[in-house]
Structure formats: C-alpha cells, structure tokens
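Asker: Output the structure for:
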Amino acid sequence: MATEEIVLVPGKLTLRQLRRIGAGPARFALDPSADGPVRAAHALVERMAHGGGAVYGVTTGFGKLAQTRIAENQLEQLQLNLLRSHAVGVGAPLPGEVVRLILALKAASLGRGYSGVRPETIAQLLAFADRDLLPVVPGKGSVGASGDLAPLAHLSLALIGEGEVRYAGATVPSRAALDAAGLKPLSLGPKEGLALINGTQVSTALALTGLFATERLLAAALTAGAMSVDAARGTDTPFDPRIHRVRGQPGQRIAAAILRDLLAGSAIRASHADCDRVQDPYCLRCQPQVMGACLDQLRSAAARLVDEANAVSDNPLVFPEEGEILSGGNFHAEPVAFAADGIAIALAEIGNMSERRTALLVDPVMSFLPAFLVKTPGIDSGFMMAQVTAAALASENKMLAHPASVDTIPTSANQEDHVSMATHAARRLLDMADNVGNIVAIELMAAAQGVDLLAPLKTSPKLATVHTALRDHVAPLDHDRIMAPDIAAAHAFLHRHPFLDLVGGLLDRPETA
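Answerer: Model (predicted):
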C-alpha cells in the first residue's frame, strides 16, 4: 500500500502533482474545501430533477435525443443506461499510469462543485485511485467531443461494479475487485452518469503522460547530443551564452546552458581546441536552437494541460448560487488536441536531430572516426544497421506527427458536427515517445562507442558518469554481434537513469537559466 498522500485541491493541481500521480501508486484525498460547493450543486440538481422541468441529461435523453423527456421513476435507469450504451471502446487497454491520472483528474474536476454529483461519487473515484484499483479502459473510440465518452464510460462502469479492473496484478471483474478491496458498488443519482462520462480527462491524462515522457527524452537527448559533440570532436563555441542572449529565445538559452555544463572539463574538447575546423554540421551546432524550441513547445503545452487538468469540462454545468443549470461545450477538447499536436512535433524533432547525429558519427568523412564506429570495418559492419533502425523510427514519427486537430468528422446524427480528435492526438504520443526512446538509445550507444575510440582521451566528468553507467548495461562493440538486445538495454537505461536531474530539470527550470 502506498504511503505518500496526495491531497487534490480542485482547481489548483500543479504540474509537479500531476507528474507524481502518473509516476506510481499513492494515497489520495480531496481537500475539505470542496465539500460545500459539491453539496450545493448536488442539492440544485436534486431540486431540478424532481421539479418537473426539462434539464438536459437530468430529465431528458442525450445528444440527438435531448428532446425526449424521462419519467421521474426512470432517472436512475437513465444514468445506468448511459454508461452501458456508451461503453463501446476497442483496442488495447490504456496503461495503468494513464488510468490513475484519469481517476484523479475526474475527481478533481467534479470536486470543483459545478457538476452536481454527490460527495460519495467523488469518494468512489478516489477510493479506486487510493487502492490502485484501475479500471480496464480500451484506448480507442473517442473523438474528443462530447468529451471522452467511450473510455470514460468504461472507467465509470467499474465504479458501479460492472466491467473489469486491474487489481493486485490481475485483471478481474469489477464486482469481485470491489469485494476484495472492501468497497461497495456506486448507485447513480441524477446527472451522475453524464457527469462521469462527459469531460476531457482521458485526453488530458494521455497528453500529460506524453508530456512527461517527452521531457525525460529531451533531457536524455541533450545528454546524448553533448556526448556526440565530444565523440565527433566538435566545438562547444556554438553554445556560448552570448550567441543565445542576443536571440532571446528562453528554451534556446536553457539548452545551450545545459550543453555547456555537460561538456565542461572535457579532455577531448581540450585536445583539439586549436584545430582548423570552423563549423560543425547543424545536428551538432544547432542543438540549442532546435532542442530549445522543443522545450518552449513543451512548456506551452504544459501550461495548457495544467489549465485543462483543473478545468470543469462536463455538460451541463450547475451554478447553485444563481440556481441555474447551463448547457455549453466545455467537453470539446480542442485545447488538448492543440497541445498534443505540439508535443508530437517536438517528439519528431528530438528524434530527427538524434538520428542525424548517429548518422554523422557512423560516417568517417564527417566524424573522423572509423567507419561505422568499429575498429575493423569491412569484416565488421558495426553501427551500420543501428543507424538504419533510427532512421526508420524517425521517419515513422514524421508520419505520426501530422496534426490530429485539423481533422473532424460529424457524429450523433450531426448533432456533434465538429470534434477535436484530442484522444488519439494524445494517445499516439506514447508510441512516438517509444520510438524516440529507441532513437536516442542508439545515439547514446554510438556516442559512447565514439568516446571509447578516442581513448586515452576522456570526456567531461558529467558525461563520463553517463558513459560508465551505460557500460554497466551495454558493452563496447569490439566486433559484430546481435545488437537488438543492446538497443533494448540502452532503451531501458534511458528510462532508469536520472537524466532530468543531470541536466537540472526542464519544465520546472527557471527561464532565465
């Protein structure tokens, strides 16, 4: 059982909290300040539900069926039918860290007090998160408006004892897991089914997961890029702070500072300080400009995603002080789609630059190292095909980076005639991040091999710690061997090694660095 407690203050979730929620199990609680607003909104829904008027999703059907009035004795069945009818997702289940984030985001959103649910409904969401009782949520089937309907329906069914959950390492029927966890199935009150499945929490959780993965990969790529500069005996002059100060782009200044710090004290750099090479290729020289732009893109996306994590995005919304329930369109996930598209572009560029540096290192004309980074080229092919794999993955990511937000398709008999596509805009980030992880792993292996070939000269102290740590998992390539296990080991190393700590942080780093 996790011991760290995360207190969710509705409307005030931080990026640090969101990162922690996705990282692993924890205990969850809702800040007590939410209780009053939640109860006030629920009281208004109860009055409206039994007042004889037409209130969308409370006393009427949904979508194109909004004109159909529902009898008072069928209101609970209406909400139950909504969950069942909308659970039409397909595809592989979403990862556990994403589902944990969805549970927390949904609880925090409902806790704002504009959705009209009971405190018990929010408590059920938090009980699932608290016990790491994770609903099985198929990843495909949402167009990102009217909310993430299908995936949230699957998540919500688990709360009432239907569907499946992952619990204690196994996938089991929800009712059995509830019994084992000491919980009771939730009964739905007026509007609660609609409040649970309407919203952008799935898209937002996927985008946040992609954001945090990209942040880690950017830190690893900056480290690999610095090692590639040393392996290729490149110059650190392009990272001089004066160059970046006069342009003024904040991410560029941070990236240059990180590269300077990583290369500081390199004996390899000192050995060719007076050489006649004036300029390096762009993949070395322009790292601050490109990686800095990626960082700026990630920071912009992070700001929008934190806004959305704190948003109320279901419909209709309950305003108890005015005694009104208003229908709008906060479920439309266009801001999340735009943010996800921006992250996808950054991922593609991180991979593009990393692959180009690997290509440079294996080319003896460009790197002045043995061909394909092996001492006996010809009989040995060295890193020849590893670079091909990096190229294949980089090109696959270019295709995946096509903006999803420019697409739309009408649904619900043209009632929902423009949709955001935010869900798969965000979901593809996980595949892209996996590709970039392999691309950067290959570069890191190649750069480490290049440093080995320059012995007895040594790289910088900071890069030497990474080189040594990598060598615990991937041996130098003296002669040809099957490299797929090496790439897998280097990829796993990327996930374990504290690259973010090494570079001093990225999304949380002051812009004036």
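Asker: What ranges does the stretch 101-250 of the chain have for its strands?
Answerer: Using DSSP state E, counting those that start in this stretch, the strands of the stretch 101-250 of the chain run over 134-135, 138-140, 164-167, 170-173.
Asker: quick one, which of those is nearest to Asp486?
Answerer: Of all the strands of the stretch 101-250 of the chain, it is strand 138-140 that lies closest to Asp486, at 30.4 Å by Cβ to Cβ. Every C-beta, even on glycine, is put in place using the N, C-alpha and C of the backbone.
Asker: Show me what the closest one pairs with in its sheet, parallel or antiparallel.
Answerer: Here strand 138-140 is paired, per DSSP bridges, with strand 90-93 (antiparallel).
Asker: quick one: buried residues of the strand it pairs with?
Answerer: By neighbour count on 16 or more other Cβ atoms under 10 Å, the buried set for strand 90-93 is Pro93.
Asker: quick one: contacts of that strand?
Answerer: The contact list for strand 90-93 (Cβ atoms under 8 Å, 6 or more residues apart in numbering) reads Val136, Val137, Pro138, Gly139, Lys140, Gly141, Arg166.
Asker: Of these, which is the most crowded?
Answerer: Neighbour tally across those (other Cβ atoms under 10 Å): the maximum, 31 neighbours, falls on Val137.
Asker: thought it was touching Gly96?
Answerer: No - Val137 is beyond contact range of Gly96, at 10.1 Å (criterion: Cβ atoms under 8 Å).
Asker: Show me where the stretch 51-200 of the chain has its helices.
Answerer: Remark: helices assigned in the stretch 51-200 of the chain by DSSP state H, counting those that start in this stretch are 75-86, 96-110, 119-130, 149-159, 174-181, 192-197.
Asker: quick one on the thing from earlier: so which of the contacts of strand 90-93 is the closest to Ile379?
Answerer: Of these, the one sitting nearest to Ile379 (Cβ to Cβ) turns out to be Gly139, at 46.4 Å.
Asker: Arg428 is in contact with the closest one, correct?
Answerer: No - applying Cβ under 8 Å as the test, Gly139 and Arg428 come out as separate, 10.5 Å apart.
Asker: closest one to Gly61 among the strands of the stretch 101-250 of the chain?
Answerer: Between the strands of the stretch 101-250 of the chain, strand 138-140 lies closest to Gly61; by Cβ to Cβ that is 24.6 Å.
Asker: Show the average pLDDT along that closest one.
Answerer: For strand 138-140, the mean pLDDT works out to 97.
Asker: Next: stretch 152-170.
Answerer: Mean predicted lDDT for stretch 152-170 stands at 97.
Asker: likewise stretch 6-13?
Answerer: Mean predicted lDDT for stretch 6-13 stands at 98.
Asker: export the strands of the stretch 101-250 of the chain to CSV and tack on distance to Ala158?
Answerer: Output for those, formatted as CSV (distance: least, Cβ to Cβ, whole Å):
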stretch, distance to Ala158
strand 134-135, 4
strand 138-140, 13
strand 164-167, 5
strand 170-173, 9
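Asker: What is the nearest of the contacts of strand 90-93 to Val406?
Answerer: Using Cβ to Cβ, Lys140 comes nearest to Val406 of those, at 19.5 Å.
Asker: ok, and the closest non-adjacent residue to that closest one?
Answerer: Distance criterion Cβ to Cβ, 6 or more residues apart in numbering; nearest residue to Lys140, sequence neighbours excluded, is Gly91 at 3.6 Å.
Asker: and the gap between the one you found and Thr204?
Answerer: 19 Å (Cβ to Cβ, to the nearest Å).
Asker: next one: Gly96
Answerer: Using Cβ to Cβ, Gly96 is found at 17 Å from Thr204.
Asker: quick one, which of these two is more surrounded?
Answerer: Under the neighbour definition other Cβ under 10 Å, Gly96 and Thr204 were set side by side, and Thr204 has more, 34 against 14.
Asker: Contacts only, for that one.
Answerer: Each residue near Thr204 by Cβ under 8 Å, 6+ apart is listed here: Leu101, Leu105, Leu305, Glu308, Ala309, Ala333, Val336, Ala426.
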